[in-house]
Every structure is written in structure tokens, then in C-alpha cells.
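Chemist: Generate a structure from the sequence data that follows.
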Amino acid sequence: MSTALSRADFHSQNLDSARDEARRLFAAKAQMQGAWLGWVAAQIYTLRPAAYASMVRRELQSLQEKSDS
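Modeler: Numbering: from 1, shown residues only. Alright, predicted model coming up:
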């Protein structure tokens, strides 16, 4: 029987993966240009669990902010 991970444990165990996924999604932006936003939203929508999808979304936002500055 598996025990539920605390939020902090889940975050620490999945952070590297979420960052990798965000970098992968962000890397497609230059090539896809205008089509990227809809595509990336669809990609994030398929990620499970929702907490992981939120982590990827936050990492992607961080990459976006760094590239804008």
C-alpha cells in the first residue's frame, strides 16, 4: 500500500522532471511561433497529476519571464 506524498515531497521528487518538461515545451516556441500557445496549453492539459501540470506551468512561466527580460 502506497502512502500519499506530502506536497513538499511531491514537489521535491518531481521538480527536475517538471523543469525538463518546461524546457522541452519552451524550446518548441521559436519553431512553432504563433501556433505555440495553443499547442503548449494542450500539452500541459494532458499532464497528470494536476499538481505536476501546475509545476510545469510555473516553470514554463519562469522561463518565459527570463526570456522577456
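Chemist: What residue, apart from its backbone neighbours, is nearest L25 spatially?
Modeler: Nearest residue to L25, sequence neighbours excluded (Cβ to Cβ, 6 or more residues apart in numbering): V40, at 5.2 Å. Just so you know, the C-beta spots here come from the backbone N, C-alpha and C atoms, and that holds for glycine as well.
Chemist: May I have the residues that are in contact with the one you found?
Modeler: V40 makes contact with 25, 28-29, 60, according to Cβ atoms under 8 Å, 6 or more residues apart in numbering.
Chemist: Next: A51.
Modeler: Counting by Cβ under 8 Å, 6+ apart, A51 has contacts 7, 10-11.
Chemist: how much space between W36 and A28?
Modeler: Computed as Cβ to Cβ, to the nearest Å, the W36 to A28 distance reads 6 Å.
Chemist: Show me how far the lowest-mean-pLDDT helix or strand in the chain is from its chain's centre.
Modeler: Lowest by mean pLDDT, DSSP states H and E among the helices and strands of the chain is helix 29-32, with a mean of 94. Averaging C-alpha positions (Cα atoms, centre = their mean, to the nearest Å) puts helix 29-32 17 Å from its chain's average.
Chemist: Could you turn the buried ones of the contacts of V40 into a ChimeraX selection?
Modeler: Restricted to buried positions by 16 or more other Cβ atoms under 10 Å, the ChimeraX selection for the contacts of V40 reads:
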select :25,29,60
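Chemist: what's the closest of the contacts of V40 to D68?
Modeler: Set against D68, the nearest of the contacts of V40 by Cβ to Cβ is K29 (11.8 Å).
Chemist: The spatially most central residue of the chain in helix, strand or coil?
Modeler: Geometric centre of the chain, nearest residue: V56, 1.6 Å, by Cα atoms, centre = their mean. The three-state assignment at V56 reads helix, by DSSP: H, G, I helix; E, B strand; the rest coil.
Chemist: that older thread, dump the contacts of V40 to CSV, plus distance to R19.
Modeler: Output for the contacts of V40, formatted as CSV (distance: Cβ to Cβ, whole Å):
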residue, distance to R19
L25, 11
A28, 16
K29, 16
L60, 10
